[in-house]
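**Q** Need a 3D model of the sequence below.
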Amino acid sequence: MRDFRIEHLQIADLKPNPRNARLHSKKQLHQIAASIREFGFNSIVVIDEDGVILVGHGRVEAAKLAGLTTLPVLRVTHLTDEQKVGFSLVDNKIALNADWDLEQVKLLFRELSIVELNFDMEVTGFETAEIDLLIDGPTVSTKADRSDLVPDCQSQAVSRLGDLWHLGNHKLICADACDKAACSRRGDIVLDAFSGSGTTIIAAHKCRRRARAVELDPLYVDVAVRRWQTYTGEAATMAITGETFAEIEEQRGDPLQ
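**A** As a prediction, the model looks like this:
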């Protein structure tokens with residue numbers, strides 16, 4: 001076993017790896033940043049002899065969002081170029097190969113839900129509606145769950161920046177939410193600043209709660225709208241005009257409009 005030394009370096013001195021194959025969404029980076037703010041920077045960044053990041057690109061970017069300027073890093077100097085590639089891949093992939101013990105997760109969240117916490121449970125990375133489903137359990141049904149049906153992302157978007165859609169009791173706006181992601185405590189409206197395909201909206205609907213969601217990409221706004229429509233059998237409507245999603249799609253697909 002080699003001796004390793006932890007250094008504290010300026011983030012500006014850390015070099016992103018141009019061959020990094022791991023992608024991090026804005027939503028995930030904000031989640032990591034929220035965890036850093038709440039619990040501190042308790043992970044490690046691994047760099048090579050030249051200061052190039054081998055492991056921890058997401059943590060470094062999230063640390064910037066959290067306002068940190070220095071980070072603890074582990075510098076390794078014994079790896080060949082090929083080993084550096086292999087190490088970067090294995091560190092990311094092996095974690096993805098693990099599964100959750102859902103019964104244990106339920107017990108952990110139920111324990112947290114009955115004590116007075118000094119942090120929001122959503123900082124764990126689980127969204128509010130997911131936590132509710134884990135604590136309260138899903139509605140029992142023998143039918144296939146339509147909420148798992150996610151429509152394909154189309155090449156042309158119906159939604160445009162500024163569109164506000166009413167999805168029953170839920171609302172979804174096509175807008176930029178790159179400021180601090182907002183989420184709510186149990187019992188309040190569920191807020192999701194990075195809606196993606198609309199999972200939070202569906203989960204909130206199942207829990208009989210109201211979702212307020214934001215998504216910058218019009219194509220994914222369309223996916224979330226269509227997903228909700230497929231699940232509920234209802235029609236989404238434009239907040240300003242009251243027109244349905246289908247009517248807006250027909251209008252915007254007409255080159256003469």
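**Q** C-alpha only now, for contacts and for neighbours.
**A** Noted.
**Q** Angles on the backbone of residue 16, please.
**A** Dihedral angles of residue 16 (phi, psi; degrees, to the nearest 10) stand at phi -60, psi 140.
**Q** Isn't residue 201 up against residue 170?
**A** Yes. Applying C-alpha atoms under 8 Å, one finds residue 201 in contact with residue 170, separated by 7.1 Å.
**Q** Tell me which of these two has more neighbours.
**A** The neighbour comparison of residue 201 against residue 170 (other C-alpha atoms under 10 Å) goes to residue 201, with 29 against 20.
**Q** give me every residue that touches that one.
**A** Residues near residue 201 by C-alpha atoms under 8 Å, 6 or more residues apart in numbering: 170, 195, 210, 211, 212, 213, 228.
**Q** Let's see which of those end up in strands.
**A** 170, 211, 212, 213 (DSSP state E).
**Q** ok, the contacts of residue 201 vs residue 9, which is closest?
**A** residue 195 (34.6 Å; C-alpha to C-alpha).
**Q** Now that that closest one has come up, it's in contact with residue 214, right?
**A** Yes. Applying C-alpha under 8 Å, one finds residue 195 in contact with residue 214, separated by 5.6 Å.
**Q** Show the subsequent helix or strand relative to the helix or strand harbouring residue 46.
**A** Assessed by DSSP states H and E, residue 46 sits inside strand 45-47. Once the chain leaves strand 45-47, the next helix or strand it forms, by DSSP H and E, is strand 53-55.
**Q** Pull out the buried positions in that following strand.
**A** The neighbour-count check on strand 53-55 (16 or more other C-alpha atoms under 10 Å) flags 53, 54, 55 as buried.
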